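Trainee: below are the sequence and a predicted model; questions follow.
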Amino acid sequence: MISTRRAEVAWVCGAVAGRRWRLGGRSSCIREGRGAQGGVVSAGGRCRVPCRTELVRSAWVDSGLWCSTPKSPSRRSSRSGALEPFVASVLGSVGAAVVEMFSPSRPPKVLNEPQAKINGAGSVSKDESGADVAASMRSRIMMLYGSFLQDDGSTVNYSGLRASTEFEEYCSVASRLSAVDPRTMPAAEKLAFFMNVYNSLLIHAMAVADKPPTSVLGRLRFYARVRYNIGGLIYSLNDIENGVLRANAKPPAPWAQKLFKKNDPRLEAAFTDANKDERIHFALNCGAKSCPPVRFFTPENVHQTLANAACGFILDDMNVHIDEKSNSVALSSIFAWYREDFTPKAPKSDSALLRKLASYLEVRSGDKVADQRRKSLLRRAETGAKVTFATYDWSLNETEESRSSSNT
């Protein structure tokens, strides 16, 4: 029983860390040497990738809980009694939250349902097509971003947005998304549409939340629960990111399953492995400070905007920090979670990943800063530089200022 519960706790902590946990039959305690960081366990050794979440630090690491089954029955018997109260406590609080995330006891929040009508929201004119609604949606999103995002797109004035007429008008248009069928859209239009809707749904949900989630686990549940009705089908943030934009790929959580089953009609809206674009990870903002800035996309500019977003992300030292003296590169955790999206043919190759990051800088060929960083990344790839992943800042990307007030 204790080993089963230990595996359950490992699942919870792995989900919070946003990484794939592999439990090895002979791994040792994660407190050995690097206990304050935690990490992924391999079959015959210690933790090798730091996760650094508050749950792992405060509950997992400090408890001395092992990652997998102990090496000998005697060690198991000596520790199992001491672990029982801790495991029960963790599974009672954290485990219940995980169960609620995947099998919610309350109905998910569909934020644009007709019952939430504002000034006639939810009704579609006979002369208004889905394309008209999508165009109107883009216009309203631009108004919101222009007023309540800071110039760099990194922070949002959620409280100001919630009380604004712009938000009221946006909600009216969002309620008509049930008339938009993205399954019939051309690829570029669909890509721009879903990235805009993802970021707008996130901002909408944060703005109306009585208390925006502050813990990592709370955020995971939040991403699964807040939803929009689009074309008569219900999409959560997770559905849009992993189901549609990532070609129904498994979310970066342990033992996660594909979100869309074989006969799910939303599969018709999903991209395929052949036409999906990994640069979405430089465009989707999950409401955390370490997320990429919020950008606006149109069908005409979607690929150029993604190219600029990727280049800007790689140039930011917070996301890609090169230490030439130690021949190491510290990357955003995004590259750990979605590594297979960036280098599907060599998902475990650090050199392949660094070369991929360097390729995103080619859009600014001739720019001195971009060229220097590109050459540096290629050198690190050739010399076998050590790649690590930085701690992700999950705190809310909130500001008390609107753009208009900040520019006065």
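Mentor: Cool, got the structure.

Trainee: going by C-alpha atoms from here, please, whenever you check contacts or count neighbours.
Mentor: Fine.

Trainee: and Phe297, that one's in a helix?
Mentor: No: per DSSP: H, G, I helix; E, B strand; the rest coil, Phe297 lies outside any helix segment and is coil.

Trainee: so it makes contact with Ala192?
Mentor: Yes: contact criterion Cα atoms under 8 Å: Phe297 and Ala192 qualify, at 5.1 Å.

Trainee: any idea how far the residue nearest to Arg364 when sequence neighbours are not counted is from Phe148?
Mentor: Leaving aside its chain neighbours, Arg364 sits nearest to Ala370 (6.3 Å; criterion: Cα to Cα, 6 or more residues apart in numbering). Distance, Ala370 to Phe148, using Cα to Cα, to the nearest Å: 30 Å.

Trainee: and those two? Which one has more around it.
Mentor: Phe148 (27 against 21; other Cα atoms under 10 Å).

Trainee: for the stretch 201-350 of the chain, what spans make up the strands?
Mentor: Counting by DSSP state E, counting those that start in this stretch, the stretch 201-350 of the chain has strands at residues 226-230, 233-236, 320-323, 328-331.

Trainee: tell me the strands beside the second one, with direction?
Mentor: Translated: strand 233-236. strand 226-230 (antiparallel) (DSSP bridges).

Trainee: now the strand it pairs with: average pLDDT?
Mentor: Average pLDDT, strand 226-230: 95.

Trainee: buried residues, that strand. List them.
Mentor: 226-230 (16 or more other Cα atoms under 10 Å).

Trainee: gap between the two ends of stretch 144-153?
Mentor: Stretch 144-153: ends 12 Å apart by Cα to Cα.

Trainee: now that stretch: mean pLDDT?
Mentor: 82.

Trainee: and what of stretch 293-312?
Mentor: Mean predicted lDDT for stretch 293-312 stands at 94.

Trainee: just to revisit the earlier point, same list (the strands of the stretch 201-350 of the chain) but as TSV, adding distance to Tyr360.
Mentor: Shown next, in TSV, are these (distance: least, Cα to Cα, whole Å):
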stretch	distance to Tyr360
strand 226-230	32
strand 233-236	29
strand 320-323	12
strand 328-331	14
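
Trainee: out of the ones you listed, deepest packed?
Mentor: The highest average neighbour count among the strands of the stretch 201-350 of the chain, using mean count of other Cα atoms under 10 Å, belongs to strand 226-230 at a mean of 23.

Trainee: just to revisit the earlier point, export the buried residues of strand 226-230 as CSV, with columns for distance to Ala249.
Mentor: Formatted as CSV, the buried residues of strand 226-230 follow (distance: Cα to Cα, whole Å):
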residue, distance to Ala249
Val226, 20
Arg227, 19
Tyr228, 20
Asn229, 21
Ile230, 20
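
Trainee: mind checking the SS state of the closest residue to Val294 other than its chain neighbours?
Mentor: Excluding its sequence neighbours, the residue lying closest to Val294 (Cα to Cα, 6+ apart) is Gly153, at 4.8 Å. Using three-state DSSP, the structure places Gly153 in coil.

Trainee: residues near Gly153, how many?
Mentor: 17.

Trainee: swap in Leu144?
Mentor: 21.

Trainee: hang on, it is in a helix, isn't it?
Mentor: Yes: under three-state DSSP, Leu144 falls within a helix.

Trainee: how many neighbours does the closest residue in space to it that isn't next to it in sequence have?
Mentor: Spatially, and ignoring its direct neighbours in sequence, Leu144 is nearest to Glu166 (6.3 Å; Cα to Cα, 6+ apart). Neighbours of Glu166 under the rule other Cα under 10 Å: 18.

Trainee: Glu166 contacts Arg140, correct?
Mentor: Yes: using Cα under 8 Å, Glu166 is in contact with Arg140, at 7.5 Å.

Trainee: coming back round to it: I figured the residue nearest to Val294 hits Cys291, correct?
Mentor: No: assessed by Cα under 8 Å, Gly153 is found out of contact with Cys291, at 10.2 Å.

Trainee: any common contacting residues for those two?
Mentor: None of the residues lies in contact with both Gly153 and Cys291 under the rule Cα atoms under 8 Å, 6 or more residues apart in numbering.

Trainee: just so I know, which of the strands of the stretch 201-350 of the chain lies nearest Val133?
Mentor: strand 226-230 (11.0 Å; Cα to Cα).

Trainee: name the surrounding residues that touch that closest one.
Mentor: 108-113, 175, 177-182, 201, 205, 234-237.

Trainee: stretch 344-354 too?
Mentor: Contacts of stretch 344-354 (Cα under 8 Å, 6+ apart): 339-340, 342-343, 377-378, 380-382, 384-387.

Trainee: could you redo the last one with a cut-off of 6 Å?
Mentor: 340, 377, 381 (Cα atoms under 6 Å, 6 or more residues apart in numbering).

Trainee: among the residues you listed, which one has the most neighbours?
Mentor: Going by other Cα under 10 Å, Leu377 tops the contacts of stretch 344-354 with 26 neighbours.

Trainee: three-state assignment of it?
Mentor: helix.

Trainee: with that, I have no additional questions.
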